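**Student:** got a predicted model here, sequence first, then my questions.
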Amino acid sequence: MSESQEKIRIGMLGFGTVGQGVWKHLQSRGEELAMETGSEFEIAGIVVRSLDRKRDVDVPAELLTDDPTALLEDPSVSIICELAGGTTDVLKWTRKALTAGKSVVTANKALICDHGEELMELAAEHGGRLFFEASVAGGIPVIKGLREGLVVNRFDRIYGILNGTSNYILTRMEREQLSFEPVLDAARALGYVEADESLDLDGGDAAHKTVILAWLAHRKWVPTDKMLIEGIRKVTLGDMHFARELGYRIKLIASIQRLGDHGRLALAVRPTLVPLDSLMADVSEAFNAVRLEGDVAGPTVLIGKGAGQDPTASAVIADLVDAGRAYLSDTHPRSRSPRAGDASELAEMEDISQEYYIRLTVADRSGVLAEVAGAFSKCGISIATVIQRDHEGDDTASLVLATHVCSEASLRAALNILGGEESVLGDFLVCPILDPE
């Protein structure tokens, strides 16, 4: 590398687990990355919440600051690496950086999900670029795959496991025959659970990532309140036994589908019955997996670690290299929609049709099964399988139904009827049954 070669100066916002991982690998692989990029990276400064906090890596004290203004306004800083998290201060900082024509690299899925459209427009207006590979599936290059390797494809379906915490919990529940709470405690102890636990347990984290993938694949920003979202809190060990009896395993599956003749989009994050002999069923622990069904390339499956310091740092550094190349050559495409001519309408409940698993808790008395079957029949739903298990010590039972293909609208109508029946007790669990092909 020539001594006179201009260095690429990076301002880092945030220096937690991922930020320290990025620093560590930039230092240890600096020469290799310079060869890949065309110039050396230089950290101009690091914005932290506490200047005195003990960290796992050694950083020159003069690089640390608690004021982002100087870095954001420094014309010699060409890339802002945002790893602070949140969407309040970070949104202001990102706007300021893009308005100044800088590139922004972020792992912040909530920021991109909630404000991506605005930030893309801001980047295009002022000549900036926005990179966010690490915002979805950690070290799996799914965003780069959609934007580059599979750019000629249209996607009728994308689905997969996008939240490692929920997958870890479900894996251990089934493997070790444990209930939800003890495994959740173990996940907390390992640091797998977000500070806002609802993001992992109620599907919010996976929903953010699904919105980003939908935009990449279909040029459509979908609000999360237009999605079908259900987390894993209702999944019991009994459900896992029932699923296995039927030939399935329960996974939290995020899905994006184009439905019907008009290709309307349906986005969902739901506990889903996955066939035991499918590749997705074997994805365990905190691993993520994504299946992209392209009309030209066919199905492409990506599997890897979806979170953690090193996998996420790997994705961030890949974006830093792209941002560095773009800065040096000005050839990388500006932030814009990745493909033209899509922007599909959103699907209605009537458009969504699939098989379903339903687990009800019912009074253990004669005539209940007939009541349940009648509600489904009234809504035009055909039942494929029925399993009933009595509960020891009380007069209740679990009633499990697997349906033939029916619409989401019809299923909801049937469940509304059952919700008014005295014989149907408490919450019920509804899971789509995945057709892997």
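**Tutor:** Looks like it arrived, so ask away. Numbering: from 1, shown residues only.
**Student:** rest of the way, CA atoms for contacts and neighbours
**Tutor:** Noted.
**Student:** residues in a beta bridge with Arg129, which ones?
**Tutor:** Ser103 (DSSP bridges).
**Student:** surely it meets Ala100?
**Tutor:** No: the criterion here is Cα atoms under 8 Å, and Arg129 misses it with Ala100 at 10.7 Å.
**Student:** more neighbours: those two, which one.
**Tutor:** Set Arg129 next to Ala100 and count neighbours by other Cα atoms under 10 Å: Arg129 wins out with 26 against 19.
**Student:** roughly how far does that one sit from Thr396?
**Tutor:** 59 Å (Cα to Cα, to the nearest Å).
**Student:** got it, and Ala214?
**Tutor:** For Ala214 relative to Thr396 (Cα to Cα), the value is 42 Å.
**Student:** more neighbours: which of those two?
**Tutor:** Ala214 (22 against 18).
**Student:** could you find the closest non-adjacent residue to Ala363?
**Tutor:** Spatial nearest neighbour of Ala363, excluding adjacent residues (Cα to Cα, 6 or more residues apart in numbering): Thr396 at 4.5 Å.
**Student:** next, the contact list for the one you found, please.
**Tutor:** Thr361, Val362, Ala363, Asp364, Asp390 (Cα atoms under 8 Å, 6 or more residues apart in numbering).
**Student:** pretty sure the third one sits against Leu399.
**Tutor:** No: assessed by Cα under 8 Å, Ala363 is found out of contact with Leu399, at 9.7 Å.
**Student:** name the element Ala110 belongs to?
**Tutor:** In this structure, Ala110 sits in helix 109-126 according to DSSP states H and E.
**Student:** for that helix, buried residues please.
**Tutor:** 109-114, 116, 119-124 (16 or more other Cα atoms under 10 Å).
**Student:** what kind of secondary structure is Val290 in?
**Tutor:** Three-state assignment for Val290 (DSSP: H, G, I helix; E, B strand; the rest coil): strand.
**Student:** my understanding was that it contacts Leu146; is that so?
**Tutor:** No: the criterion here is Cα under 8 Å, and Val290 misses it with Leu146 at 11.3 Å.
**Student:** could you pull up phi and psi at the nearest residue to Ser410 once chain neighbours are set aside?
**Tutor:** Nearest-residue entry for Ser410: Cys379, 5.6 Å, with adjacent residues in sequence omitted and distances by Cα to Cα, 6+ apart. Dihedral angles of Cys379 (phi, psi; degrees, to the nearest 10) stand at phi -100, psi 10.
**Student:** just to revisit the earlier point, got TSV for the buried residues of helix 109-126, with distance to Thr17 and pLDDT too?
**Tutor:** Shown next, in TSV, are the buried residues of helix 109-126 (distance: Cα to Cα, whole Å; pLDDT from 0 to 100):
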residue	distance to Thr17	pLDDT
Lys109	16	94
Ala110	18	94
Leu111	18	96
Ile112	20	96
Cys113	22	95
Asp114	23	94
Gly116	24	94
Leu119	25	95
Met120	27	92
Glu121	30	93
Leu122	29	95
Ala123	27	93
Ala124	31	92
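**Student:** for Ile81, what are its contacts?
**Tutor:** That one is not Ile; residue 81 is Cys. Cys81 makes contacts with Ile10, Gly11, Met12, Leu13, Val104, Val105, Thr106, Leu320, as judged by Cα under 8 Å, 6+ apart.
**Student:** in the stretch 151-300 of the chain, which spans are helices?
**Tutor:** 164-176, 180-189, 198-201, 204-218, 237-246 (DSSP state H, counting those that start in this stretch).
**Student:** for my notes, confirm Phe15 occurs in a helix.
**Tutor:** No: Phe15 sits outside any helix when classified using three-state DSSP, being coil.
**Student:** doesn't Asp66 make contact with it?
**Tutor:** No: assessed by Cα under 8 Å, Phe15 is found out of contact with Asp66, at 11.0 Å.
**Student:** measure Lys109 to Glu36 for me?
**Tutor:** 27 Å.
**Student:** what bits of the chain have low per-residue confidence?
**Tutor:** Applying pLDDT under 70 to the chain flags the ranges 1-5, 331-343.
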